[in-house]
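S.K.: Sequence plus predicted model, see below.
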Amino acid sequence: MFFVLVIATGCSVAVRKNKADGLTETFRSGDIPTSIEIVQTTTKNQNALYSLEMGQLYRLDKNPRIDESTKNLLDADLYIENWHETFNEKVRANFEILSAYLVTEGFNSDYTPKNYEASILSQYLALNHLSQGNWSLAMVEAKKMALREKLIEAITQEKVLMIEKANENSQTGIDFSKTKNTIESINGYPVALIKNPEVNKLKNSYQNAAVYYLSAFLFESQGETSLAAPGYRLALELQPNASTFKEGLRNLESNVKSKANKDTADTLFIVESGFLPKMESYKYAKVFNFGLSPKLLTISYPTIPRMTEAYKPSAVLANQKNINLELAANIDAMARKELQDDMPAYITRAISRAIAAVGAQALVETAAKSKSNNAGQNAAVGIAGIILSETIANGMQSLNTADVRHWQTLPAYTYVARSQIQPGKTSLQFALPNGANQIESVNLQKGYNVVYIRMFRNKASISISKPSSGNV
């Protein structure tokens with residue numbers, strides 16, 4: 001049953017890859033209009049990944065298209081919610097569906113956002129709402145962040161159990177007892193790129209201190225002390241040396257008590273820099289002793305190359321006041337942590353597909369050799385069997401390709417700072433990766449403000465929260 005399922009899948013499932021090779025350079029240069037055009041013209045399936053990319057690009061444009069950005073991000077958000085709701089049904093289904101999951105995961109037209117992507121999605125939705133003065137909708141996203149984390153944790157545990165079950169399931173005809181499903185077992189795989197001190201110190205791939213702090217800041221702005229405190233604590237647990245996080249928790253009570261009389265612009269700066277490397281496929285050949293003769297197949301696994309552009313901003317000047325930035329989230333490390341955690345699943349799926357492929361070839365060879373006792377006929381049937389065998393192998397090799405899709409327009413780092421600034425017209429100045437300084441004039445309000453800056457190589461996109469439009 002497993003082999004039949006695999007052959008049918010190999011013939012019917014189209015491998016979807018992101019063909020926008022030019023997006024990386026274009027986006028890093030800050031050419032958002034061209035980046036939008038690339039995504040629109042090269043993406044065959046307007047799935048969750050398409051929505052994430054377009055939602056990000058629309059909000060970073062020189063003339064931000066926030067409504068379109070929010071629509072796309074909400075489309076991706078809805079996909080995540082629906083996927084979370086149906087996940088348990090999928091993994092607890094019958095054997096055929098479980099086998100299909102092992103073989104086809106990552107190769108259909110859908111895209112399931114990675115855990116760290118889901119966390120950042122809520123942050124961007126909140127920032128979009130703030131830029132339009134919709135503080136109440138931003139609060140909804142803040143509450144959703146905490147709920148989503150619990151769902152991600154539960155689903156992560158389910159995935160681990162599912163892979164363990166698949167490895168133990170004798171019905172697949174696959175003997176995983178002889179297969180080491182660890183990264184180190186993959187000959188030549190660049191283990192150090194996803195196992196290093198920065199990655200290993202992360203408890204998981206989805207807890208984001210910048211997201212926690214933003215949600216706490218929003219709760220504080222509405223006087224919700226009991227909701228703000230946990231966010232500040234979680235941010236501090238992830239970044240215990242960040243003075244911004246220490247002060248946020250320490251000053252929470254006094255800030256809420258004096259909120260009505262606040263005569264300064266209490267401003268949270270969120271600064272994003274660097275670029276996630278584009279994921280690549282690492283391939284190596286493996287011999288399988290199965291059937292009448294050894295079979296050589298190429299197995300592919302995703303990998304994340306070394307980061308080449310890792311600019312780390314140090315400060316922002318506000319009316320010549322120096323405001324030091326602190327690292328809140330290393331998204332590059334979070335992406336590598338997710339890949340590290342998912343490698344057992346990748347290995348299980350890759351070995352499943354490979355063994356299914358050589359098993360299918362062995363069945364063809366056996367059937368071909370038993371067709372006739374005539375030597376001439378045997379030769380002809382043998383040749384036909386080889387051709388058919390190769391056809392099956394080629395079909396399976398199309399499945400045996402690593403899924404390297406990811407949200408390419410995310411930053412590598414998120415920095416934060418918080419400062420009390422004189423309200424009104426404010427001159428912001430900050431250094432860019434190319435060494436130039438960018439100056440922006442913004443209008444800060446009494447009370448709570450959020451300033452978002454996304455740095456590219458030679459320019460930056462900036463957005464400012466607007467006062468509540470009366471819906472808080």
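M.R.: It's in. Numbering: from 1, shown residues only.
S.K.: How far does stretch 275-284 stretch from one end to the other?
M.R.: End-to-end distance of stretch 275-284 (CA to CA, to the nearest Å): 28 Å.
S.K.: before we move on, what about stretch 309-316?
M.R.: Per CA to CA, stretch 309-316 runs 20 Å from first to last residue.
S.K.: What lies in contact with it?
M.R.: Residues from elsewhere that reach stretch 309-316, judged by CB atoms under 8 Å, 6 or more residues apart in numbering: 28, 269, 271, 273-275, 322-325, 327, 332, 412-413, 415, 417, 428-431, 433, 453, 455, 457. Placement of C-beta: from N, CA and C, glycine included.
S.K.: How are the strands of the stretch 201-350 of the chain distributed by residue range?
M.R.: Remark: strands assigned in the stretch 201-350 of the chain by DSSP state E, counting those that start in this stretch are 265-273, 280-290, 293-303, 315-318, 321-324, 326-330.
S.K.: Now do the last one: which elements does it pack against?
M.R.: Which is strand 326-330. Secondary-structure packing of strand 326-330 (3 or more CB pairs under 8 Å, 6 or more residues apart in numbering; DSSP states H and E): helix 209-221, helix 243-250, strand 413-421.
S.K.: Reformat these into JSON lines and put mean neighbour count and distance to Pro302 next to each item.
M.R.: Below are the helices and strands packed on strand 326-330 laid out as JSON lines (neighbours: other CB atoms under 10 Å; distance: least, CB to CB, whole Å):
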{"stretch": "helix 209-221", "mean neighbour count": "27", "distance to Pro302": "24"}
{"stretch": "helix 243-250", "mean neighbour count": "18", "distance to Pro302": "33"}
{"stretch": "strand 413-421", "mean neighbour count": "21", "distance to Pro302": "22"}
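S.K.: Of the contacts of stretch 309-316, just the buried ones, PyMOL syntax please.
M.R.: Selection of buried members from the contacts of stretch 309-316 for PyMOL, criterion 16 or more other CB atoms under 10 Å:
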select buried, resi 28+269+271+273+274+275+323+325+327+332+412+413+415+417+428+430+431+433+453+455+457
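S.K.: Does anything pack onto whichever strand or helix holds Thr426? Which helices or strands?
M.R.: Using DSSP states H and E, Thr426 sits within strand 424-431. In terms of contacts (3+ CB pairs under 8 Å, 6+ apart), strand 424-431 is packed against strand 315-318, strand 437-444, strand 447-455.
S.K.: Between the strands of the stretch 201-350 of the chain, which one is closest to Ala235.
M.R.: strand 326-330 (7.3 Å; CB to CB).
S.K.: remind me which residues of this structure are low pLDDT?
M.R.: Applying pLDDT under 70 to the chain flags residues 1-21, 88-109, 162-181, 289-293, 356-400, 469-472.
S.K.: give me that answer again for 90
M.R.: 1-22, 42-46, 80-112, 119, 143-188, 259-262, 283-300, 310, 342-403, 468-472 (pLDDT under 90).
S.K.: Need phi/psi at the nearest residue to Ser29 once chain neighbours are set aside.
M.R.: The shortest distance from Ser29 to any non-neighbouring residue, by CB to CB, 6 or more residues apart in numbering, is to Arg457 (5.8 Å). Backbone geometry at Arg457, expressed as degrees, to the nearest 10, gives phi -60, psi -40.
S.K.: Noted, bye for now.
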